[in-house]
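Peer 1: Here is the input, now give the coordinates:
(4 chains)
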4 protein chains.
Amino acid sequence: MQYWGHDGASWIERFETIRSQTESLCEPLEPEDYVVQSMAEASPVKWHLAHSTWFFERFILEEQLDEEPIDPRYNFIFNSYYRAAGVPHERSERGMVTRPTISEVQQYRQQVDERMRDLVASDEFDDHLASLFEVGLHHEQQHQELLLTDLQHHLFQNPLSPALFETSEFEHRVGSTSDLEWYPVDGGIYDIGHEGDGFAYDNECPRHEVRLYPFEIAERPVTCGEFLEFMRDGGYERVELWLSDGWETIQEQDWTHPLYWEERDGVWHRYTLSGWQPIDPAAPVCHVSYYEADAFARWAGARLPTEQEWEVASRGVEVEGHFSESQRYHPAPHRRDPDAPLQQMFGDVWEWTASDYAPYPGFEPFDGIIGEYTGKFMCNQRVLRGGSCLTPASHIRRTYRNFFYPDDRWQCTGFRLARDA
Amino acid sequence: MQYWGHDGASWIERFETIRSQTESLCEPLEPEDYVVQSMAEASPVKWHLAHSTWFFERFILEEQLDEEPIDPRYNFIFNSYYRAAGVPHERSERGMVTRPTISEVQQYRQQVDERMRDLVASDEFDDHLASLFEVGLHHEQQHQELLLTDLQHHLFQNPLSPALFETSEFEHRVGSTSDLEWYPVDGGIYDIGHEGDGFAYDNECPRHEVRLYPFEIAERPVTCGEFLEFMRDGGYERVELWLSDGWETIQEQDWTHPLYWEERDGVWHRYTLSGWQPIDPAAPVCHVSYYEADAFARWAGARLPTEQEWEVASRGVEVEGHFSESQRYHPAPHRRDPDAPLQQMFGDVWEWTASDYAPYPGFEPFDGIIGEYTGKFMCNQRVLRGGSCLTPASHIRRTYRNFFYPDDRWQCTGFRLARDA
Amino acid sequence: MQYWGHDGASWIERFETIRSQTESLCEPLEPEDYVVQSMAEASPVKWHLAHSTWFFERFILEEQLDEEPIDPRYNFIFNSYYRAAGVPHERSERGMVTRPTISEVQQYRQQVDERMRDLVASDEFDDHLASLFEVGLHHEQQHQELLLTDLQHHLFQNPLSPALFETSEFEHRVGSTSDLEWYPVDGGIYDIGHEGDGFAYDNECPRHEVRLYPFEIAERPVTCGEFLEFMRDGGYERVELWLSDGWETIQEQDWTHPLYWEERDGVWHRYTLSGWQPIDPAAPVCHVSYYEADAFARWAGARLPTEQEWEVASRGVEVEGHFSESQRYHPAPHRRDPDAPLQQMFGDVWEWTASDYAPYPGFEPFDGIIGEYTGKFMCNQRVLRGGSCLTPASHIRRTYRNFFYPDDRWQCTGFRLARDA
Amino acid sequence: MQYWGHDGASWIERFETIRSQTESLCEPLEPEDYVVQSMAEASPVKWHLAHSTWFFERFILEEQLDEEPIDPRYNFIFNSYYRAAGVPHERSERGMVTRPTISEVQQYRQQVDERMRDLVASDEFDDHLASLFEVGLHHEQQHQELLLTDLQHHLFQNPLSPALFETSEFEHRVGSTSDLEWYPVDGGIYDIGHEGDGFAYDNECPRHEVRLYPFEIAERPVTCGEFLEFMRDGGYERVELWLSDGWETIQEQDWTHPLYWEERDGVWHRYTLSGWQPIDPAAPVCHVSYYEADAFARWAGARLPTEQEWEVASRGVEVEGHFSESQRYHPAPHRRDPDAPLQQMFGDVWEWTASDYAPYPGFEPFDGIIGEYTGKFMCNQRVLRGGSCLTPASHIRRTYRNFFYPDDRWQCTGFRLARDA
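Peer 2: Numbering: from 1, shown residues only, chains lettered A, B, ... in the order given. Okay, the predicted model is just below:
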């Protein structure tokens, strides 16, 4: 396993920061909110708190240092899908586990934190452990985002529509979205994938060449206003716009608009972590499936970019934007920056790409037990790029590959158009 | 609607007693335990607390006295199935509702309690209101039992098998169960159903005659020890013992023993509200479906009694036994009382009868909105008699008709044999 | 097993008649029509031809006389549910079996027919065999009806709506149905169940007393015209009219009218074995579930009769009416006969009763392997009485108990109202 | 739409040949065999005969020449998925349609054949019609293969295991399979996709460059003998070998061997169109899903080739092998040809590749109504290459892209290994 470099002081600092960020996300929660699981794909908050802790305990303290587990039963109930670490508890049953209680889980976090602090400060903390530690930090950041998306999904099931956060951030900004501009990229041979010594997941490697053809990519993601036009133009009723599996899905699921949307007194609203809010036409559309993104693109006479096209196009763009640190928790409206040909590439919404989530040529999974981290999901999923308003800024890279099933909608997922040049 | 007589003082007293009994059942719970729903048929504890309160508010304060609801949204989320009171929240979604919180629900209880106390003390509290109030008290008692059975089902889903109550009550008593004695009853014309001025549900009325043929009924319920013999004799594999629907059910569900049973190191245990305990061979078998009861009876060369046979046989027996007040929360082993020909008719376990849950001749539902209470369930269910160790003693009558589907097992359900004379 | 008397000559004659009746029902069929199974509950025509043959072979020739089976594999594929005869082929898979072909099955019928003829003519044919033979004849008659109901269900799935029989029988007769008359019956003790030496199924025995209360029963079944009034009065939208399970069923299944009904250009039609025909308002409504019958009765301020009430009311009525021999294959409109207080009790439509299908007091199943014939279905089903236009006349008795699940609609099922006197 | 060149005489000849090939495949069938549908994905033989005919009628005679349809109802029941041609009959219900009968469908074929012959002989038959005609011919060939795979699936459901064809072809040949040889291919820029003027589906175009890295590809497909080694080494129980979705699939489906396999008296057999036959260890393994192919590859320390790797590797190989014309209908055992570095690339088994079925850069669907032919399936499926023993030889090209879902197994699907150089 590759070693990405470390420095004792900063390890601790980053650990403390990331761990406490997780906990601070829970501040507006009542105890009741921690427990519930609204669907198999979404886990209870309490489980996220415990699982991200277990990851450090199981893969470093137990696996590498032979430490005794704090509670051996946790290896069963807080394992997600690492079968090399034992048979995990059934994913869909996580919401049944009211004990250990929240405070027991918080205690578990503190116990593991202490052990990890001791370890990082010790001589034992070599490059190999540091690598695993690094993975654990990124893993926790992933669960910060999932904690929020899962919570939103669960609160949405409540007919009382609870609001967790203040709503002052919401404004109505009717951005003119009709004058979409396109950014051209030349064809040629390009390098794709992680470069340099910094951390990356195994699925971003190895760096390799691809042959691209000339294309254009939209300056910004598709907006809610544009998506409303699609809806009003019969987008969900026109079979010719849809992939076969997409059409079947929207029929079975009765989808006629993005997840969390509802028309109230003639105005479209969406449910957010700050409760129901009117749609902002200039904000990126969000909580759409791959199928809806693909159908919109066909309606618009365009297509989705491949992940390679997205990555190449992103090269001139800084990795910055609305991430979770902005504490906004919903995508921001678009404001054109005359100096920036491409906007909102990072943050706001994950962008569906046309690419199947597949191994890069020469792909090698992480060594050992965490080799299951990304590789075994390389089938039936699509790559998303760029991070969202729920992703921690330090978690995202230009080469970062997120992946979800084409019918997943509970993540903060939008899209950007592309077309052949 | 019939009026069953009342007295100002005792109304209040009974109200306070029953309401506080509900709350005292929750004492060993953690906040996390209140929220979860383990299957559509079983509701969260918090919901039981709220729904039994809503019943008083909706059917008396609001319906009869035109009072404003404390929170109009509660009429949606805390209605169970009274469609005349509005469309209720989907039953299977009750576990999604983390807000209102437990303390908000407790506050709701207190607010309604205060209003009810005022009402009972007032001149407005006439016979009609008293009748509805009486129904509300019995309704709350039903939910006391359901609160416990639903909680046991939910905690059972937790791989950590939490125990709520102390375990000192469990003892091993190997009662000889082979010498089952039978109690004969003559054939003839018998009166069945509620008699006198006391309270009864509508489904126990009117009192009417039935023609019975001579039969014998077992002195006590079938025990765990006897049920183990059935299991060891291949009871779950012998198709000739089963009703057609029963066989299909045990194949689909992979049932090979009662719910909550598990063999551990050669000893059969069962999961109780006090955690895993060894089976007591002398205790009534519990958590079996009608199908299992029926198959056991066929194996034993007997049958289940009809509800009329059960009611007639019960006539010489006092309505007393192990009810929830004993705080045992599991059926007690059988101890033969030489002076009592029939034992454990009341309390310990609900007893499946062979009778379809059907209206008595001349049945009239309760007037008005609570007419939905029992009548609309008169299809596909079987009558159970006698109450269980989770039923409050004052809730049970000789003519009381409980009803569940033949494949329901999460209630405290056992059975007693009968045979033609 | 009881012996019902026999006479060599007439046995043969009845056998030939009944067997050839089965085959004559198939005359309008194309080979393609014999094979298909439209749902688990309905079997292919070819299977009915083979299964009714297998019944004679398996339970008489093989079981009683130790004859070698004609094809040992048939015991698997042509067994329905007699588990004492071996594990049967999965019911829902009967439509997958294209081989043996129709002509092979016809050959199988002929081979068994020959053996049976030889047996009946021989000295071996004693009372016990005659009893089984008698059951086999009635069994074949049951499958004559099922063959037609299953065929109608299957042809209905075809968007081309094939018609098997001529349509000349259909007429429009607007009978006045508003002046329904009621026939009163006194309360008292009545004998119920099969009487005398003739054949009856085990479930009609033993004859026994029941206590009935005074009631009135409608002179005729509910008509299509009356059912249309129920529909137009919002019958399918008014939750207060429905049993809880019934309401759930019509929601899940989207039922808004009887099976096989469709409104075409403002006129309600129904699909029959003679194709689409306009509804005859004076004909009994048909292809309704128990739930729909029960809801209609509640809407009409009445109820369904119990099976005992039905049987007692039928006593003055001859067992005659429109049976399958009339080759009409759909219920006939009502014509009031001033001399007959009760009409259409027999034939036309099976009448749902309010009674759970349960054993009579002292019930004993048939001996031996055919003991599974009726007893193991005594749960979750409702009794229907009187036979239908698809039942052979000689198959029906006053005490005959048919049974189906409350949500079954593909049989020729209607109903008649009753009410407390 | 591109025009691929035509010549009056040969059009007719090819039409007659291909149409009669379809019919000759049905020779061993009984009428009963034509009707049944064993699962939603597999259609009845009769439907294939009618649909491939409808394709010519609907897209040429009706769409292009405004001819009246022979039976307008056929547009509903014989449309597969061309929604621009109208809403099609529900795919899973095709087996319900016993009428039109087989002979009516055969008559329909003849009527359309006549019209098509007239058209081809006429002046109207221009390049555009010729292009559609060409598609129709290839379309019919696709259905020749599906007719056989669907038939095998359906006959397999029959517990009597009918055999359609003679069995003389089966031999036991224990080929040594341990000495698998690998064929190296250099990295570089390669052209991929259809080249030249001949016919190709739209999904094979446009020809374009890709960047490949050096790899090796196995000389032949994985054999049954090798797959048995995988099974014996616990292949189906070792979670680490499986994609996450693959593991879930084999758990849910209880897969422990390829479709159609069964161990009988210690010898593995497989069900073929010639009945049950012992496995030939030297024959390519067949009827495996993508998941099984992928797991085997991981077990073998290899991977599946991408479709581009497969296409590049195939360049030196003639497009010849065991196709349907060999009337073998099952894959032939491997015989090493010292002069051919790669064997069985074409025919025998379709080979799963690692590639998602996706549009080539610059992809344009066919014009008009048949634009739905291939494009709308470009999600969730994997590309297979090379054709099988059930594919007509003239249907296959080096660039031909077949596609199925990763869990599909009823096609003649095997695989070949690859590895990084």
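Peer 1: Contact partners for A:Trp261?
Peer 2: A:Trp268, A:His269, A:Arg270, A:Ile279, A:His287 (CB atoms under 8 Å, 6 or more residues apart in numbering or on different chains). Every C-beta, even on glycine, is put in place using the N, C-alpha and C of the backbone.
Peer 1: how close does the closest residue to A:Asp202 other than its chain neighbours sit to chain C?
Peer 2: Closest residue to A:Asp202 apart from its sequence neighbours, by CB to CB, 6 or more residues apart in numbering or on different chains: A:Phe366 at 4.9 Å. Separation of A:Phe366 from chain C (CB to the nearest CB, to the nearest Å) stands at 46 Å.
Peer 1: any weak-confidence spans in chain A?
Peer 2: A:1-9, A:167-178 (pLDDT under 70).
Peer 1: quick one, domains of it?
Peer 2: A:2-156, A:169-420 (automatic domain parsing).
Peer 1: What about A:Tyr271? Give its phi and psi, please.
Peer 2: In terms of degrees, to the nearest 10, the main-chain angles of A:Tyr271 are phi -80, psi 130.
Peer 1: what are the ranges of the strands in chain A?
Peer 2: A:182-185, A:188-192, A:208-212, A:215-218, A:261-264, A:267-272, A:275-278, A:350-356, A:382-385, A:402-404, A:413-414, A:418-420 (DSSP state E).
Peer 1: could I get those strands as CSV with distance to A:Arg117?
Peer 2: As requested, the strands of chain A are exported to CSV (distance: least, CB to CB, whole Å):
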stretch, distance to A:Arg117
strand A:182-185, 46
strand A:188-192, 38
strand A:208-212, 39
strand A:215-218, 45
strand A:261-264, 45
strand A:267-272, 36
strand A:275-278, 39
strand A:350-356, 33
strand A:382-385, 34
strand A:402-404, 30
strand A:413-414, 36
strand A:418-420, 47
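Peer 1: ok, and which of those strands has the densest surroundings?
Peer 2: strand A:413-414 (a mean of 28; mean count of other CB atoms under 10 Å in any protein chain shown).
Peer 1: And the residue of chain A closest to chain C?
Peer 2: Closest approach between chain A and chain C, counting by CB to the nearest CB: A:Asp254, at 13.5 Å.
Peer 1: Quick check: residues of the stretch 151-300 of chain A near chain D?
Peer 2: Within the stretch 151-300 of chain A, the residues that sit near chain D (CB under 8 Å from any CB of the partner chain) are A:189, A:208-213, A:239-240, A:242-247, A:290-291, A:294.
Peer 1: go with 7 Å
Peer 2: By the rule CB under 7 Å from any CB of the partner chain, the part of the stretch 151-300 of chain A lying against chain D is A:Ile189, A:His208, A:Glu209, A:Val210, A:Arg211, A:Tyr213, A:Val239, A:Glu240, A:Leu243, A:Ser244, A:Asp245.
Peer 1: Surely A:Val135 and A:Ile369 touch.
Peer 2: No. Using CB atoms under 7 Å, A:Val135 is not in contact with A:Ile369, being 11.0 Å away.
Peer 1: More neighbours: which of the two?
Peer 2: The neighbour comparison of A:Val135 against A:Ile369 (other CB atoms under 10 Å in any protein chain shown) goes to A:Val135, with 22 against 17.
Peer 1: What separation is there between that one and A:Thr374?
Peer 2: Here the distance between A:Val135 and A:Thr374 works out to 11 Å (CB to CB, to the nearest Å).
Peer 1: How about A:Glu140?
Peer 2: 16 Å.
Peer 1: now swap in A:Gly316 and tell me
Peer 2: 28 Å.
Peer 1: Turn the contacts of A:Trp261 into JSON lines, including distance to chain B.
Peer 2: JSON lines is the format used below for the contacts of A:Trp261 (distance: CB to the nearest CB, whole Å):
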{"residue": "A:Trp268", "distance to chain B": "23"}
{"residue": "A:His269", "distance to chain B": "18"}
{"residue": "A:Arg270", "distance to chain B": "19"}
{"residue": "A:Ile279", "distance to chain B": "24"}
{"residue": "A:His287", "distance to chain B": "18"}
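Peer 1: Could I get the residues you listed in TSV, plus columns for distance to A:Asn158?
Peer 2: Putting the contacts of A:Trp261 into TSV (distance: CB to CB, whole Å) gives the following:
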residue	distance to A:Asn158
A:Trp268	21
A:His269	16
A:Arg270	16
A:Ile279	21
A:His287	17
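Peer 1: Close to chain C: what parts of chain A are there?
Peer 2: Counting by CB under 7 Å from any CB, chain A has no residue next to chain C.
Peer 1: quick one, longest helix in chain A?
Peer 2: helix A:127-157 (DSSP state H).
Peer 1: Give me the phi and psi angles of A:Pro258.
Peer 2: Here A:Pro258 shows phi and psi, under degrees, to the nearest 10, equal to phi -60, psi 160.
Peer 1: Burial check on A:Pro206, number of neighbours?
Peer 2: Neighbours of A:Pro206 (other CB under 10 Å): 15.
Peer 1: Kindly report the same for A:Glu166.
Peer 2: 11.
Peer 1: swap in A:Asp197?
Peer 2: 10.
Peer 1: Relative to chain B, how far out is it?
Peer 2: On the measure of CB to the nearest CB, A:Asp197 and chain B end up 42 Å apart.
Peer 1: And for A:Glu325?
Peer 2: 27 Å.
Peer 1: where's that residue relative to A:Gly347, distance?
Peer 2: 10 Å.
Peer 1: Could you check which of the two has the larger neighbour count?
Peer 2: In terms of neighbours (other CB under 10 Å), A:Gly347 is the more surrounded of A:Glu325 and A:Gly347; the figures are 26 against 13.
Peer 1: The more buried one contacts A:Cys389, doesn't it?
Peer 2: Yes. Look at A:Gly347 against A:Cys389 with CB under 7 Å: they come within range, at 5.9 Å.
Peer 1: Which positions in the stretch 151-300 of chain A make contact with chain B?
Peer 2: A:His154, A:Gln157, A:Asn158, A:Pro159, A:Leu160, A:Pro162.
Peer 1: Of those residues, keep whichever come out buried.
Peer 2: Taking 16 or more other CB atoms under 10 Å in any protein chain shown as the criterion, what is buried in those is A:His154, A:Gln157, A:Asn158, A:Pro162.
Peer 1: The second one contacts A:Ser38, doesn't it?
Peer 2: Translated: A:Gln157. Yes. Using CB under 7 Å, A:Gln157 makes contact with A:Ser38 at a distance of 5.1 Å.
Peer 1: which residues do those two both contact?
Peer 2: B:Met96 (CB atoms under 7 Å, 6 or more residues apart in numbering or on different chains).
Peer 1: Break down chain A into its helices, ranges please.
Peer 2: Counting by DSSP H, the helices of chain A are A:8-25, A:45-56, A:74-77, A:102-121, A:127-157, A:224-232, A:244-253, A:290-299, A:307-313.
Peer 1: List the buried residues for the fifth one?
Peer 2: Yep, that's helix A:127-157 we're talking about. Buried residues in helix A:127-157 (16+ other CB under 10 Å): A:129-157.
Peer 1: got it, and the third one?
Peer 2: For helix A:74-77, burial by neighbour count (16+ other CB under 10 Å) applies to A:Tyr74, A:Asn75, A:Ile77.
Peer 1: go on, stretch A:323-336?
Peer 2: So stretch A:323-336, judged by 16+ other CB under 10 Å, has buried residues A:Phe323, A:Ser324, A:Arg328, A:Tyr329, A:His330, A:Pro331, A:Ala332, A:Pro333, A:His334.
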